[in-house]
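[1] here's my sequence, what's the structure:
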Amino acid sequence: MMMGDDVESGNLGPYQDRPRSFPNMRSKPYTPLIFRVLMGINVRVLVILLLLGFGYVFYVGASTSPIIVFVFSVCIVSFLLSIYLTKWVLLKDEGPPEMVQISEAIRDGAEGFFRTQYGTISKMALLLALVILSIYLFRSTTPQQESSGLGRATSAFITVTAFLLGALCSGVAGYVGMWVSVRANVRVSSAARRSAREALQIAVRAGGFSALVVVGMAVIGIAILYSTLYVWLGVDSPGSMKVTDLPLLLVGYGFGASFVALFAQLGGGIYTKAADVGADLVGKVEQGIPEDDPRNPAVIADLVGDNVGDCAARGADLFESIAAEIISAMILGGTMAQHCKIEGKCKFPLIFDVVVTYLYRYPSGFILFPLVVHSFDLVVSSVGILSIRSTRDNSVKAPIEDPMTILQKGYSVTIVLAVLTFTGSTRWLLYTEQAPSAWLNFALCGLVGIITAYVFVWITKYYTDYKHEPVRTLALSSSTGHGTNIIAGVSLGLESTALPVLVISISIISAFWLGRTSGLVDDTGNPTGGLFGTAVATMGMLSTAAYILTMDMFGPIADNAGGIVEMSQQPESVREITDILDAVGNTTKATTKGFAIGSAALASFLLFSAYMDEVASFAHESFKQVDIAIPEVFIGGLLGSMLIYLFSAWACAAVGRTAQEVVKEVRRQFIERPGIMNYEEKPDYGRCVAIVASASLREMIKPGALAIVSPIVVGFLFRVLGHYTGHPLLGAKVVAALLMFATVSGILMALFLNTAGGAWDNAKKFIETGALGGKGSDAHKAAVTGDTVGDPFKDTAGPSLHVLIKMLATITLVMAPEYPI
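    The predicted structure is shown next:
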């Protein structure tokens, strides 16, 4: 698809003769406490502290493994690149004063909500940390921990510290995503007045900054925690813990990240979709005014929601995904190395043999492999981000390619480089003389994961992009009414679950058998590489996570830019550019959600296996199967499936209740201030922002508490029952069934919700391009109804399920010592 000269050039006509001043909503700019403290420190002192920090990081890294030093170096370079991208974006102009005023109002609303929301989350995290501490002080210990002298108090302290560190890093990841989006949106709006290509590049680079920081923090956070524990506990020294047991101490980090991500996604999702639904129902359907029209009192709340729901929440979500995948893969790598008796130093058959021999020991290679993969992810994704350039003179009028095509070219570059670096990483770290060809099998496992990611992106794009038949058929159904639009959207969402499930199934079984036939065997001669092969496939799928997150962040930034253009009443040609970017952004957001649910499925499978291994170590007996023919176990499975549906219902209901409050407020303002429609009176934007903020914080508690409390309560209840019936592992088995069924139900439900919601949104966008009567037609009104129904599906319940699935796995892993008697 090619865009015309007028769209590309953004031909600037005279502004419409309407007032374009907006109420000054600026309050005192919000800066998090940690940054205020840092800014208050003398520059020389700060430099010394930074140098000491870097010195400590590299000291513990060098004391642990040269691989850790490599990981630290790559992460620091990626942070420097992210700073360059930030400065590049912030040097772009913000446009005319009316754009700046709107942007400042959005920024204040987003930062104010973030401060309140994360203040609430931090209090809940501290409370949960005390609960974990109490439980761990009275739990049993494994034989490995007893032999290494790791007591209950030390184990409790490590787990709680890891939990709080994971929660803190997840919160920072969310703040970074929101910080850049509220500053890039107005710059994209301003660039759209000149060139679509420049606007695209700014949005991509702003998203790239957030992506590099999120992935880099996930990697360096785990690396610092691992190396600190390695040095502090004296791992691998006589009488101390073995390196293969160390990853189990990291599970608290993953749980902390999941905890914050769940509430961030719930609160942000309720905020953004309640405001969106309320604005659309009254503005578009009842008053017949365009989307993001400045006369709509809920429009600022809607634009704020894009930042706190799609940017901050998604940053925390992807951070949690990567952290959970790294930790589970490290646990499985350590377990496999232990079972296969992989010990000693490796001879890497290249030149400089003496130097390379020192690079790693066998067990560390298998354990630290996930960190290296994601370090290379930062490298290859950076190349992909920088490959999207504004290469021609913006003053020359010429059509450009469809933005989606440009983004896909960058993704293709990233994919090719990921294949090369992944293959090199397996040869470097997974080569062992016990099975010389094992590294090749694991490289193929990684290729399976990379192909799975690409196919998932393509499938989601097929079902949500209006260039393809499913969305066009959905749009056509709108021409016969609201009911047929809803029926078509639901059926499309249900159908869209088939192909992803088949792809996940094929990838799991392929990776498992590639790993199983790698030649690695345990003491009894049984193949042991199957689960690790699946872990490597998951790493392959997430080996381009930074670029995927970049495409996701592009969506809400483009959406905000379109809102700023509409509110500041720029010429129609400028709005056409932002509309095209917004439609592409809807597709990239949907593809990211498909990617996230695929990675969640694979990561949950790994965490489930790690859970069974940990239960077996604490129970001192084998735990390899879960028999659902046992009534109590079957009940656990039913409870797991019920949890998914109840959680989704409460999340959608929360959006509905909050949206009702917004609808009533917007209607009240239109009635009491009739001059709003004629631009004679200004809407009270702040009132809608306050309503949505307070309601979303209140509504996020119930579904979030359900997700946290359910597995703990079920495990304890059936543990007590098992005690009286003589089944010591009953509690652990019931929780395993709950986790298994919840994962399966959650995958299907999330696929349905994400795809149906995205398809409804883009069906509306397709009609707004002029098809089927265009804006204001009966078909458009029906499509708006479908989009309204799909809003809580795709941006609240669906994304929250990604996090819920992995959080259930991490919380059961953390609580595993308490389930067996």
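
[2] tell me the pLDDT of Ser27.
    Ser27 carries a pLDDT value of 45.

[3] A strand includes Ser543, no?
    No - in this structure, Ser543 is coil, not part of a strand, as judged by DSSP: H, G, I helix; E, B strand; the rest coil.

[4] secondary structure element holding the closest residue to it other than its chain neighbours?
    Nearest-residue entry for Ser543: Ala418, 4.6 Å, with adjacent residues in sequence omitted and distances by C-beta to C-beta, 6 or more residues apart in numbering. Where you see a C-beta, it was placed from the backbone N, CA and C, and this is true even at glycine. Under DSSP states H and E, the secondary-structure element containing Ala418 is helix 403-429.

[5] for that helix, what is the average pLDDT?
    89.

[6] now that helix, how far from the centre of its chain.
    In terms of C-alpha atoms, centre = their mean, to the nearest Å, the gap separating the centre of helix 403-429 from the centre of its chain is 20 Å.

[7] then stretch 475-489 to PDB, C-alphas only?
    Once side chains and other backbone atoms are set aside, the C-alpha atoms of stretch 475-489 remain, and they are given as PDB (Å, rounded to 0.1, in the frame of the first residue of the first chain):
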ATOM      1  CA  ALA A 475     -16.700  -4.800   8.900                       C
ATOM      2  CA  LEU A 476     -19.200  -6.000   6.300                       C
ATOM      3  CA  SER A 477     -21.300  -7.500   9.100                       C
ATOM      4  CA  SER A 478     -21.600  -4.000  10.600                       C
ATOM      5  CA  SER A 479     -23.700  -2.900   7.600                       C
ATOM      6  CA  THR A 480     -26.600  -5.100   8.800                       C
ATOM      7  CA  GLY A 481     -26.600  -3.900  12.400                       C
ATOM      8  CA  HIS A 482     -25.000  -3.900  15.800                       C
ATOM      9  CA  GLY A 483     -26.100  -7.500  16.600                       C
ATOM     10  CA  THR A 484     -24.500  -9.000  13.500                       C
ATOM     11  CA  ASN A 485     -21.300  -7.100  14.200                       C
ATOM     12  CA  ILE A 486     -21.100  -8.600  17.700                       C
ATOM     13  CA  ILE A 487     -21.900 -12.200  16.500                       C
ATOM     14  CA  ALA A 488     -19.200 -11.900  13.800                       C
ATOM     15  CA  GLY A 489     -16.600 -10.600  16.200                       C
END
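
[8] list the buried residues of that stretch.
    Neighbour counts over stretch 475-489 (16 or more other C-beta atoms under 10 Å) mark 475-479, 482, 484-486, 488-489 as buried.

[9] quick one on the thing from earlier: distance check, the residue nearest to Ser543 against Phe442.
    The gap separating Ala418 from Phe442 is 15 Å, by C-beta to C-beta, to the nearest Å.

[10] and those two? which has more neighbours close in?
    For Ala418 and Phe442, the more surrounded residue by other C-beta atoms under 10 Å is Phe442, and the numbers stand at 33 against 27.

[11] enumerate every residue touching the more buried one.
    Applying C-beta atoms under 8 Å, 6 or more residues apart in numbering, we find Phe442 in contact with 426, 430, 514-515, 518, 529, 532-533, 536.

[12] where's it, which helix or strand?
    In this structure, Phe442 is located in helix 438-464 according to DSSP H and E.

[13] chain center to that helix, what's the gap?
    Taking C-alpha atoms, centre = their mean, one finds helix 438-464 lying 18 Å from the centre of the chain it belongs to.

[14] over to stretch 240-252?
    26 Å.

[15] averaged pLDDT, that stretch. What do you get?
    Mean pLDDT, taken over the full extent of stretch 240-252, equals 80.

[16] what sits up against that stretch?
    By C-beta under 8 Å, 6+ apart, the list of residues contacting stretch 240-252 from outside reads 132, 144-145, 148-150, 155, 158-163, 166, 222, 225-226, 229-230, 233-236, 327, 330-331, 333-335, 337-338, 363-364, 367, 614, 810, 813-814.
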